[in-house]
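1. my questions are about this predicted structure, shown below with the sequence.
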Amino acid sequence: MIGGQMPIFILKEGTSREQGKNAQRSNIEAAKAIADAVRTTLGPKGMDKMLVDSIGDIIISNDGATILKEMDVDHPTAKMIVEVARSQDTAVGDGTTTAVVLAGEFLKQAEELLDQGVHPTVIANGYRLAVNEAKTQIQKIAKDARDDATLDKVARTALSGKNIGLSGESLYKLIVKAVNSVAEEHNGTFRVDASNIKIDKKSGGSGNETELIDGLVIDKEKVHAKMPSNVTDAKIALIDSALEIKKTEIEAKVQISDPTKIQDFLDQETETFKGMVSRIKKSGATVVLCQKGIDDIAQHYLAKEGIFAVRRVKKSDMEKLAKATGAKIVTNLDDLSKDVLGNAKNVEERKIGEDRMTFVTGCKNPKAVSILIRGGTEHVVSEIERALNDALRVVAITKEDGKILPGGGAVESELALRIREYANKVGGREQLAIEAFAKALEIIPRTLAENAGMDPINTLIQLKADHENGKKDSGINFTENKVTDMMKIGVFDPLKVKKHALESAVEVATMILRIDDVIASKKSGPSPGPEGGMGGMPGGMPPY
Ligand code: ADP
Ligand code: MG
């Protein structure tokens with residue numbers, strides 16, 4: 001370039017860049033593709049997906065978060081949508097597919113406005129106004145209820161469509177019972193820490209053998225065969241230090257010149273263990289649950305005293321045991337006394353499938369409980385576990401919040417109606433975006449109908465007519481394949497789940513809309529290429 005200026009490179013070689021409309025469109029396409037991938041799983045009539053990972057393991061699931069977690073998504077915007085599912089799952093445990101499908105639809109509707117020349121910031125503003133209005137309205141639509149019958153229905157709605165087979169019926173009761181037993185009430189408000197419900201699983205056996213234990217199941221057996229297998233009115237010591245003799249950090253050699261001294265030396269060791277066991281015995285403990293190891297000699301003396309002992313109990317289990325039995329965890333055996341021991345009606349070793357497990361039951365204050373999942377195969381117990389985890393969270397949230405919404409697309413239809421009214425009031429350019437938002441909400445009843453093989457257009461027309469006529473709870477009844485009152489048939493979703501799904505879907509959609517420049521650095525190391533997962537997503541963005 002003679003006399004001209006040299007071009008200025010501000011980006012590293014290999015960096016790719018996409019700007020303006022191109023960037024916007026390929027981002028929207030990527031987001032829509034993710035939403036399309038999970039759409040068919042929405043609702044009780046949704047299909048399952050089989051996911052095969054790189055080493056050939058399979059997962060069959062209907063859960064949006066699980067599916068997206070297993071999919072190897074590469075596109076940066078697609079990853080943002082996957083993140084929505086993940087955050088929905090961690091925050092409320094359900095509604096992941098709803099959130100993703102909504103995000104995709106918000107973007108699809110936005111695309112049409114972009115085509116008409118509406119500026120992305122106007123759309124983003126309109127969406128933000130709309131979601132605020134939606135949050136106000138949804139609060140008004142919500143109903144107060146946290147009784148057991150409601151919780152049962154909430155569990156049913158959350159689990160419908162999950163492939164959990166026969167055990168479903170008893171599972172609902174079990175879920176409600178588990179949540180109620182860990183719920184803590186303070187002046188009419190409830191706190192439910194679902195992490196106090198411990199889930200264990202053992203394959204082999206029937207799903208119907210899945211049981212709730214008013215205490216804890218520890219996946220460990222007693223340390224010594226001569227120990228009793230069953231201790232009633234157990235006095236439990238929780239010890240988080242090892243019942244072993246500490247090894248020195250530095251290597252030490254003890255030289256014994258006189259053969260009789262060897263015996264002395266060994267005797268001394270034995271005495272130490274005897275001392276430990278007698279301190280345990282003196283406290284009145286009949287069960288020892290130890291977070292660390294227990295030496296063979298200590299095991300022998302514990303067995304001799306008729307004390308049931310388990311070693312290497314997980315720290316999280318120790319904490320739950322403390323809660324359930326009222327025991328205090330001690331580190332130093334000198335601190336053992338009657339006061340720090342916990343109580344349980346029964347501590348028992350039982351054979352479950354191939355393994356032996358310890359059951360601590362009949363706890364005074366079972367603020368921690370266990371559910372032991374049984375089922376024919378690993379796949380079955382894993383799918384039950386995933387379903388159970390979701391349902392427990394959802395029921396826990398409902399117990400705390402005490403607010404429910406009609407499901408089956410009812411709340412989305414009602415919101416669409418109210419948001420359209422609101423759009424008229426706002427006027428201006430934003431009105432278009434607010435209307436687009438209302439239209440996007442209808443993707444939920446539409447998809448539910450489609451997945452059930454119902455006519456989506458007729459269903460939407462019926463829903464619209466009902467809601468305009470003040471039937472606020474009208475939604476899709478899958479037993480009869482028609483539009484009916486959801487409160488009457490007991491299809492309830494928790495308010496919090498829907499609210500969170502709406503908020504996060506709008507948040508990600510507006511965030512994506514505002515991006516007009518994607519600058520991607522060259523990936524270091526060998527590129528995995530497009531094979532596997534969503535590498536070949538539309539938009540053709542380089543890996544992030
Ligand atoms: P998500 O991952 O969003 O929870 P689901 O596949 O669990 O997706 O579907 C949830 C949707 O299905 C909700 O809108 C809920 O109201 C609806 N739904 C669930 N069970 C029923 C039912 N028995 N009748 C009608 N709608 C139902
Ligand atoms: Mg669900």
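-> On my side now, so go ahead. Numbering: from 1, shown residues only. Ligands and ions are numbered 1, 2, ... in the order given.
2. CA atoms for contacts and neighbours, from now on please.
-> Noted.
3. can I see the domain layout of the chain?
-> As given by automatic domain parsing, the domain ranges for the chain are 16-144+406-520, 146-214+368-401, 217-365.
4. quick one: pLDDT of the residue positioned nearest the centre of the chain?
-> By CA atoms, centre = their mean, the chain has its centre lying nearest to Gly93, at 4.5 Å. What the model reports as pLDDT for Gly93 is 88.
5. wait, it sits on Ile397?
-> No: under the criterion of CA atoms under 8 Å, Gly93 is not in contact with Ile397, lying 9.2 Å apart.
6. Throw the domains of the chain into TSV and include distance to ligand 2, thanks.
-> Formatted as TSV, the domains of the chain follow (distance: least, CA to the ion, whole Å):
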stretch	distance to ligand 2
domain 16-144+406-520	5
domain 146-214+368-401	5
domain 217-365	28
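7. out of those, nearest to ligand 1?
-> domain 16-144+406-520 (3.2 Å; CA to the nearest ligand atom).
8. and Ala110, backbone torsions?
-> Phi and psi for Ala110, reported as degrees, to the nearest 10, are phi -60, psi -40.
9. which ones are touching Glu435?
-> Residues in contact with Glu435 (CA atoms under 8 Å, 6 or more residues apart in numbering) are Ile419, Arg420, Ala423.
10. can you check these and name whichever has the most neighbours?
-> Ile419 (25 neighbours; other CA atoms under 10 Å).
11. quick one: name the residues of the stretch 151-300 of the chain near ligand 1.
-> Thr157, Ala158, Ser160 (CA under 6 Å from any ligand atom).
12. can you do 5 Å?
-> Contacts of the stretch 151-300 of the chain with ligand 1, taken as CA under 5 Å from any ligand atom, map to Thr157, Ser160.
13. please, where are all the strands along the stretch 151-300 of the chain?
-> Applying DSSP state E, counting those that start in this stretch to the stretch 151-300 of the chain gives strands spanning 184-186, 189-191, 197-203, 211-213, 216-218, 230-239, 287-290.
14. ok, the stretch 301-450 of the chain next?
-> Counting by DSSP E, counting those that start in this stretch, the strands of the stretch 301-450 of the chain are 308-310, 329-330, 342-352, 355-363, 369-375, 403-406.
15. below-threshold pLDDT in the protein: ranges please.
-> 1-4, 163-169, 247-249, 365-366, 522-544 (pLDDT under 70).
16. apply 50 and report the result again.
-> Applying pLDDT under 50 to the chain flags residues 1, 527-544.
17. flag every residue of it that's near ligand 1.
-> Counting by CA under 5 Å from any ligand atom, the chain sits next to ligand 1 at Leu42, Gly43, Pro44, Asp94, Gly95, Thr96, Thr97, Thr98, Thr157, Ser160, Gly407, Gly408.
18. what residues are up against the first one?
-> So that's Leu42. With contact set as CA under 8 Å, 6+ apart, Leu42 has these partners: Asn62, Thr97, Thr98, Thr447, Leu448, Asn451.
19. run the last query once more with 10 Å
-> Leu42 sits next to 48, 62-64, 95-98, 101, 161, 444-445, 447-452 when contact means CA atoms under 10 Å, 6 or more residues apart in numbering.
20. in what helix or strand does it lie?
-> Under the criterion DSSP states H and E, no helix or strand holds Leu42.
21. now the helices for the stretch 301-450 of the chain?
-> For the stretch 301-450 of the chain, helices defined by DSSP state H, counting those that start in this stretch occupy the ranges 315-325, 378-401, 410-426, 430-441, 443-451.
22. okay, those in TSV with distance to Leu11 next?
-> Shown next, in TSV, are those (distance: least, CA to CA, whole Å):
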stretch	distance to Leu11
helix 315-325	49
helix 378-401	45
helix 410-426	43
helix 430-441	36
helix 443-451	41
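23. and those helices, which is most packed in?
-> Of all those, helix 430-441 carries the top mean neighbour count, a mean of 25, counting by mean count of other CA atoms under 10 Å.
24. just want the angle from that one to helix 410-426.
-> 170 degrees (axes from the mean of the first three to the mean of the last three CA atoms, to 10 degrees).
25. off-centre distance for helix 430-441?
-> Centre-to-centre, helix 430-441 and its host chain are 31 Å apart (CA atoms, centre = their mean, to the nearest Å).
26. nearest to Ala327, of the contacts of Glu435?
-> The shortest approach to Ala327 among these belongs to Ile419, at 54.3 Å (CA to CA).
27. correct me, but the closest one touches Lys439?
-> Yes: under the criterion of CA atoms under 10 Å, Ile419 makes contact with Lys439 at 9.3 Å.
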